[in-house]
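[1] Only the shape, not the letters, is given here:
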């Protein structure tokens, strides 16, 4: 039986006097990642690191802070967004739609073309939900009506999935009820009051890391297994029920996002995200990055010192000025009696020696010696922390550090990376399926009473298993290494396909061309000479050799003649290409026959000279005759040494070639 919540109980929830058992822990877990992901100043971290610093120094730290820890999280989230690029990612809908549903109001049309705000629910999944899965495992998603207004007659409801992060989850009892705080402001407040609250919210959230969520002018949703209720705060601080919708699902359209189990406290389950192992390293990087910024100013600016004999113009060298209650310390020179100032380029002034004091340095002017090596040490430590943060989620290959750092190569383990991505892909599909289920129920339960018919309308969303997460440069390097190591040609061919798919992802036409060539080339790893030798030795058919040698031209021709050629199966493609190859074989055979008819097959031996009157072959020079020796008769053949053979062959009569 659903829980009945009294007005007093609700007021205690709305005002923060009563929260659930994991409320503060869930907020802390969320804040530890959010502060880095959003690029905010981690005030609590800095204060805990330097508890004795003055407020002025703390304020200065805040003013110069730059969020270097934001980049690693954004890189990881960027890799996870590639889940959508997986060839396995899809939302497949059934064509069997009950005829009572309008063709323009089907679940497929609503989720892929008419989804509120995003048009396509996929954009919502990869923009809001994916970020939530990475940062806040204790968030919940409520499927609510778009405008939270009563739907009339047969009008189709427009439900949307709405994310409520941990600070806004006031109460959530699975399959029972939920009390959720909205980020919108009460419509019962004046515009001036709304603007004032909006201006204060950002500062409040920054100072408290989102822990203090109970401010004025709030809106709360109370969702049960039978209804939605909207409560708004009035100017006098009272909460009024402004809207109610009876959904009649007999189940709670609210669910907690998937995450890693941490603890169970009564009906509550505390979780952490798969990215939470990054937190310790990001915290160290944030603290030391802030120290480095201050250290740069302290160790790189030149500081000049000199003997100071210029008295302070306010106290005239006494160090004190008159006050209402008597002499007080001069606020300009701080009681030193000498003029000074504050700037990174300011001089450090040395007071002249007094009686019994040591000698003043000579010369009395100089610069402070500083050791900037500490800055390099700090910078290296920060890079190490950031790299460890990525390594904590098996994505250290995303580090900007070179391929070799301190003698240890930056490794890339594809299986480990795929495991992390697969985890997020599974969580994303879970959210998509549950959200689609509640949307389907809210839109069509009254129109399609049969539960099996409604379930048949739900999309099929398989968990993708193929991910494109590495850079092209890395694939090239990996291929070169494998080729140098003499890896099997079949493996090299598959690596080439992976490079082609990665390189030409944004150009499908080129990608289809490259993929077809690589799939249908009979000898992708052989040179032209090697193919010719295989044919002459009877190890390859002539048509296959021709197909391999001319495959680029054949595929290009096929794609020009048939715009749908890339969509054909490999068997159908090969049939077309073999026809082109057969034509080419006939063409080459005809050309060879013409050459034979014109020039014949026989060639003179290489050691014979051409007949008289025929010039020597290009590149050969006639031998010089020895001085004093008569040349042999022109009609007597000579050996390669120029001497007449023994016995001398009878002279031959020159025969004119037959007339053509």
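    Looks like it arrived, so ask away. On a predicted model such as this, the values are computed, not experimentally measured, just so you know.
[2] Not counting residues beside it along the chain, what's closest to residue 519?
    residue 570 (5.9 Å; CB to CB, 6 or more residues apart in numbering). Heads up, the C-betas are built off the backbone N, CA and C, glycines and all.
[3] where does that neighbour land on pLDDT?
    For residue 570, the pLDDT comes out at 85.
[4] what separates it from residue 489, distance-wise?
    According to CB to CB, to the nearest Å, residue 570 stands 19 Å off from residue 489.
[5] Helix, strand, or coil at the residue positioned nearest the centre of the chain?
    By CA atoms, centre = their mean, the mean C-alpha position of the chain lies nearest to residue 78, the distance being 2.3 Å. For residue 78, the assignment made with DSSP: H, G, I helix; E, B strand; the rest coil gives helix.
[6] For it, give its distance to residue 387.
    Distance, residue 78 to residue 387, using CB to CB: 17 Å.
[7] Please enumerate the helices of the stretch 301-450 of the chain.
    373-391, 414-444 (DSSP state H, counting those that start in this stretch).
[8] per-residue pLDDT, residue 432?
    96.
[9] I'd say it and residue 126 touch.
    No - assessed by CB atoms under 8 Å, residue 432 is found out of contact with residue 126, at 10.3 Å.
[10] For residue 544, give me its contacts.
    522, 523, 581 (CB atoms under 8 Å, 6 or more residues apart in numbering).
[11] so it sits in a helix?
    Yes - secondary structure of residue 544, determined by three-state DSSP: located in a helix.
[12] check contacts around the residue nearest to residue 315 when sequence neighbours are not counted.
    Distances taken as CB to CB, 6+ apart place residue 330 nearest to residue 315, at 4.0 Å, with adjacent residues excluded. Taking CB under 8 Å, 6+ apart, we find residue 330 in contact with 312, 314, 315, 318, 319, 320, 321, 337.
[13] Can you tell me how far the closest residue to the first one other than its chain neighbours is from residue 321?
    To tie it back to what came earlier, the one meant is residue 312. Nearest non-adjacent residue to residue 312, counting by CB to CB, 6+ apart: residue 333, 3.9 Å away. Using CB to CB, residue 333 is found at 10 Å from residue 321.
[14] what do you get for residue 427?
    68 Å.
[15] and what of residue 136?
    The spacing between residue 136 and residue 321, counted by CB to CB, is 57 Å.
[16] any idea of the mean pLDDT for the helix or strand that contains residue 228?
    Per DSSP states H and E: residue 228 is located in strand 227-233. Average pLDDT, strand 227-233: 91.
[17] Name the residues of that strand that are buried.
    By 16 or more other CB atoms under 10 Å, the buried positions in strand 227-233 come out as 228, 229, 230, 231, 232, 233.
[18] what do you get for stretch 95-112?
    Neighbour counts over stretch 95-112 (16+ other CB under 10 Å) mark 97, 101, 106, 107, 109, 110, 111, 112 as buried.
[19] State the pair within these that is farthest apart.
    Between any two of those, the greatest separation by CB to CB is 15.3 Å, found for 101 and 112.
[20] Pull out the buried positions in stretch 510-525.
    In stretch 510-525, counting by 16+ other CB under 10 Å, buried: 511-518, 520-524.
[21] now do stretch 162-180
    Here stretch 162-180 shows 162-173, 177-180 as buried, counting by 16+ other CB under 10 Å.
[22] which non-adjacent residue is nearest residue 582?
    residue 543 (6.2 Å).
[23] Would you mind measuring from that neighbour to residue 531?
    From residue 543 across to residue 531, the span is 12 Å (CB to CB).
[24] ditto for residue 329
    Applying CB to CB, the value for residue 329 to residue 531 is 95 Å.
[25] Give the residue from those two that has the larger number of neighbours.
    residue 531 (19 against 14; other CB atoms under 10 Å).
[26] wait, is the more buried one part of a strand?
    No - when classified by three-state DSSP, residue 531 is found to be helix rather than part of a strand.
[27] which non-adjacent residue is nearest it?
    Leaving out its chain neighbours, the residue that sits closest to residue 531 by CB to CB, 6+ apart is residue 545, at 4.8 Å.
[28] How many residues are close by the one you found?
    Around residue 545 there are 22 residues (other CB under 10 Å).
[29] just checking, it touches residue 529?
    No - look at residue 545 against residue 529 with CB under 8 Å: they stay out of range, at 11.3 Å.
[30] Spatially nearest residue to residue 98 (excluding sequence neighbours)?
    Nearest residue to residue 98, sequence neighbours excluded (CB to CB, 6+ apart): residue 448, at 5.2 Å.
[31] Bridging across strands, which residues link to residue 145?
    In this entry, residue 145 is beta-bridged to residue 159, by DSSP bridges.
[32] what's near enough to touch it?
    Neighbouring residues of residue 145 by CB under 8 Å, 6+ apart: 151, 157, 158, 159, 160, 228, 245, 442.
[33] just these now: which is nearest residue 35?
    Using CB to CB, residue 160 is the member of those that lies nearest residue 35, at 28.1 Å.
[34] distance of residue 172 from residue 139?
    Residue 172 is 10 Å from residue 139, by CB to CB.
[35] For the residue nearest to residue 39 when sequence neighbours are not counted, give me the pLDDT.
    Leaving out its chain neighbours, the residue that sits closest to residue 39 by CB to CB, 6+ apart is residue 67, at 3.5 Å. We have a pLDDT of 88 for residue 67.
[36] and the gap between residue 67 and residue 81?
    Applying CB to CB to residue 67 and residue 81 gives a distance of 20 Å.
[37] In terms of neighbours, single out the busier of the two.
    Between residue 67 and residue 81, counted using other CB under 10 Å, the more crowded position is residue 67 (17 against 14).
[38] Please report phi then psi for that one.
    Torsion angles at residue 67 (phi, psi; degrees, to the nearest 10) stand at phi -80, psi 80.
[39] That one contacts residue 34, doesn't it?
    No - with contact defined as CB under 8 Å, residue 67 does not count as touching residue 34 (11.8 Å).
[40] Report the set of residues contacting both of these two.
    residue 40.
[41] Now do the domain split for this protein, please.
    When the chain is parsed with automatic domain parsing, its domains come out as 7-37+69-275+416-456, 304-369, 476-598.
[42] any chance of these in CSV, with distance to residue 47 too?
    Compiled in CSV, the domains of the chain are given as follows (distance: least, CB to CB, whole Å):
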stretch, distance to residue 47
domain 7-37+69-275+416-456, 11
domain 304-369, 24
domain 476-598, 45
